[in-house]
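Participant: please work out how this folds:
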Amino acid sequence: MTETVQDIEKILRMYLASAAVGTALELGLFWQLEEKPMGEKEISRILNIPYDRCRSWLQLLAKLDLLELQDKRFVPSIFARTAILEAYSQETWTFLAQEIREQYQVVNNLALNISHPESVWVAQRIQPPNYITLMKNDPRRAERFTRMLYELHQPLAEKLVNILDLTNVGKLMDLGGGSGVVSLALLEHHKNLNAVVVDIENVCNTGRKIANETQVADRITYHPADFIQNPLPSGFDMIIECDVGVYNQTLFHKLFDSLNTGGRFMIISNTNEQGAWLTYPKSESSLLRILNAFLSSLTTPRFVSSTIDDIKSLLTKTGFRDVFEQVHEDGMVFIQATK
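Facilitator: Down below sits the predicted model:
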């Protein structure tokens with residue numbers, strides 16, 4: 001809650017704090033200090049940062065309760081251990097921090113460009129990151145991105161195992177499923193299920209590597225395709241689109257054709273997450289989701305998140321029947337339609 005002048009001043013300074021934390025993640029500082037506590041001069045030397053700048057950076061991280069001093073050497077705080085070191089791998093944090101840094105280039109000089117009628121990126125003569133293009137052109141980036149989402153989406157996958165009704169589902173399409181994290185979890189719990197993950201080729205290549213490390217690799221396949229442009233396979237009892245965010249009638253027609261008669265299409269989204277693609281009028285938007293919507297508007301001034309009613313209407317127009325939604329208390333939204 002913002003109540004005082006000091007609160008406003010703190011918010012104004014948080015951009016720099018965010019950059020400082022992101023830099024620490026990208027440079028692997030917390031992991032280095034977990035392995036070997038170090039003083040200011042040694043950190044400055046190892047990371048090749050001018051000493052006074054490094055000292056101020058470390059003091060800021062300590063003030064944010066992410067570092068602490070023990071015998072004049074810095075170590076990760078208990079909060080950094082819990083929220084960073086024990087939460088995700090170093091590779092995941094590094095890539096996540098890199099992505100955020102790339103996305104937030106656009107907020108530089110925002111006051112000078114916010115009135116631009118089109119993209120604020122264009123106004124600043126900088127190129128917005130196109131992640132689909134980047135991953136198509138850079139296999140290494142695609143692998144890092146795919147493995148990051150595989151780790152981040154483990155809790156979601158386990159939650160869906162306990163929620164999704166797969167009665168009479170023998171063949172599942174996981175549209176834009178990336179690593180196949182959701183499909184792999186479902187396959188572990190449903191022995192008669194087979195899954196096909198549809199995503200771009202470099203993502204599928206990494207997904208196959210991940211699947212080959214599991215006990216269900218013989219029941220999952222990866223179909224490389226740009227699902228907007230390319231034909232899709234058919235013969236499915238269910239199609240899931242989980243936090244992908246592409247909702248248009250052209251795609252829905254293709255998915256309708258990919259389903260067997262009586263097959264179900266399920267859209268899954270978390271309205272409380274930063275990357276949520278749906279708005280639900282009865283739920284209060286989280287700060288992260290509002291930030292994400294504002295960031296999207298800097299690229300597309302007329303950006304608005306799709307509503308559940310919008311999508312249900314499109315599905316009905318496409319020819320789906322029995323269209324309905326379910327909303328869980330934790331913000332998970334499911335929209336189901338039957339062919």
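
Participant: separation between the nearest residue to residue 126 once chain neighbours are set aside and residue 121?
Facilitator: If the residues on either side of it in the chain are set aside, residue 126 comes closest to residue 105, at 6.0 Å by C-beta to C-beta, 6 or more residues apart in numbering. C-beta: built from backbone N, CA, C; applies to glycine. Residue 105 is 8 Å from residue 121, where distance means C-beta to C-beta, to the nearest Å.

Participant: was I right about residue 8 contacting residue 14?
Facilitator: No - using C-beta atoms under 8 Å, residue 8 makes no contact with residue 14, being 10.8 Å away.

Participant: where do the helices of the stretch 201-339 of the chain begin and end?
Facilitator: 201-211, 249-258, 287-299, 308-318 (DSSP state H, counting those that start in this stretch).

Participant: columns mean pLDDT on top of those, output as CSV?
Facilitator: Converted to CSV, the helices of the stretch 201-339 of the chain look like this (pLDDT from 0 to 100):
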stretch, mean pLDDT
helix 201-211, 96
helix 249-258, 95
helix 287-299, 82
helix 308-318, 93
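
Participant: so which of those helices is the most surrounded?
Facilitator: helix 201-211 (a mean of 21; mean count of other C-beta atoms under 10 Å).

Participant: what's next to that one, contact-wise?
Facilitator: Helix 201-211 is contacted from outside by 135-136, 138-139, 142-143, 145-147, 150, 177-180, 184, 197, 199, 217, 220, 222-224, using C-beta atoms under 8 Å, 6 or more residues apart in numbering.

Participant: just to be sure, residue 195 is in a helix?
Facilitator: No - counting by DSSP: H, G, I helix; E, B strand; the rest coil, residue 195 is not found in a helix; it is strand.

Participant: now it. Nearest residue, chain neighbours left out?
Facilitator: Closest residue to residue 195 apart from its sequence neighbours, by C-beta to C-beta, 6+ apart: residue 183 at 3.9 Å.

Participant: contacting residues around that neighbour?
Facilitator: Listed by C-beta under 8 Å, 6+ apart, the contact set of residue 183 reads 172, 174, 177, 195, 197, 220.

Participant: average pLDDT across the lengthiest helix in the chain?
Facilitator: Secondary structure of the chain per DSSP state H: the longest helix is helix 5-26. The pLDDT scores in helix 5-26 average 89.

Participant: and residue 60, how many neighbours does it have?
Facilitator: 18 (other C-beta atoms under 10 Å).

Participant: check contacts around it.
Facilitator: Residue 60 makes contacts with 16-17, 20, as judged by C-beta under 8 Å, 6+ apart.

Participant: of those residues - the most surrounded one?
Facilitator: Most neighbours among these, by other C-beta under 10 Å: residue 20, with 17 neighbours.

Participant: list phi and psi for the residue located most distally from the centre of the chain.
Facilitator: Computed with C-alpha atoms, centre = their mean, the residue of the chain farthest from its C-alpha average is residue 71, at 39.1 Å. Residue 71 has phi and psi values of phi 60, psi 50 when expressed as degrees, to the nearest 10.
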